[in-house]
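Undergrad: What follows is a predicted structure for the sequence shown.
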Amino acid sequence: MEFRFSPIGVVHTPHELPEKTPIQPRYAQGVKGQVEVFAEYEEGLADIEGFSHVVLVYVFDRATPHRLTVVPYLSDTPRGVFATRAPSRPNDIGISVVRLVGRRGNVLDVEDVDILDGTPLLDIKPYVARFESNEDVRSGWQDDVDEERARTRGRRGFRGGPGGASNADGEV
């Protein structure tokens with residue numbers, strides 16, 4: 001079975017190079033961007049302003065060819081790609097939960113953006129704490145990574161912050 005998707009818009013950010021882009025929205029706090037939804041989909045943005053966060057679903061259009069084993073940014077140990085958020089995936093689909101600051105017609109102003117400029121947007125979903133949050137969560141091997149290491153590696157040197165280790169898989 002094969003599926004075809006077409007972009008509904010494009011994400012605009014200050015991030016131009018994967019190796020300098022923060023990894024995960026948590027390490028991109030305060031970074032502003034815009035989500036430009038194509039005019040024919042603008043009607044679908046009705047009522048989005050009531051949400052503080054949205055989930056952006058997009059294409060890793062500049063990811064390296066997929067690999068089933070990667071070295072994620074938080075680890076020096078090879079891991080199965082499905083136990084990571086590496087962009088080198090069999091299907092180049094990414095997700096990010098970003099803060100929704102406002103809407104201007106077909107443009108959403110967002111913050112905490114960890115997405116490369118010009119990334120094709122596939123979908124937008126509202127972040128709903130009632131559905132998304134769980135109290136009995138385990139995060140696998142990531143539970144063994146301390147926050148300082150995650151913050152240092154996650155910033156990846158963006159805007160003069162602490163330099164982070166990068167890896168050949170360019171996990172974003």
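TA: Cool, got the structure. Just so it is clear, the model here is predicted, and its values are computed rather than measured.
Undergrad: Relative to G80, how far out is S6?
TA: Counting by C-beta to C-beta, to the nearest Å, the gap from S6 to G80 is 30 Å. Heads up, the C-betas are built off the backbone N, CA and C, glycines and all.
Undergrad: what's the answer for E132, then?
TA: E132 is 24 Å from G80, where distance means C-beta to C-beta.
Undergrad: From V113, how far off is the residue with the largest distance to the centre of the chain?
TA: Ranked by distance from the centre of the chain (C-alpha atoms, centre = their mean), the top residue is M1, with 26.6 Å. M1 sits 33 Å away from V113, going by C-beta to C-beta.
Undergrad: hang on, isn't F60 packed against I93?
TA: Yes: here F60 reaches I93: they are 7.1 Å apart, a contact under C-beta atoms under 8 Å.
Undergrad: Which parts of the protein are strands?
TA: For the chain, applying DSSP state E gives strands covering 9-12, 32-37, 53-59, 69-70, 79-80, 93-104, 107-111, 119-126.
Undergrad: Which one of those strands lies nearest to R26?
TA: Among those, the nearest to R26 by C-beta to C-beta is strand 93-104 (9.2 Å).
Undergrad: Who is the residue most central in space within the chain paired with across the strands?
TA: Central residue of the chain (C-alpha atoms, centre = their mean): S96, 3.4 Å from the mean position. Assessed by DSSP bridges, S96 has beta-bridge partners L56.
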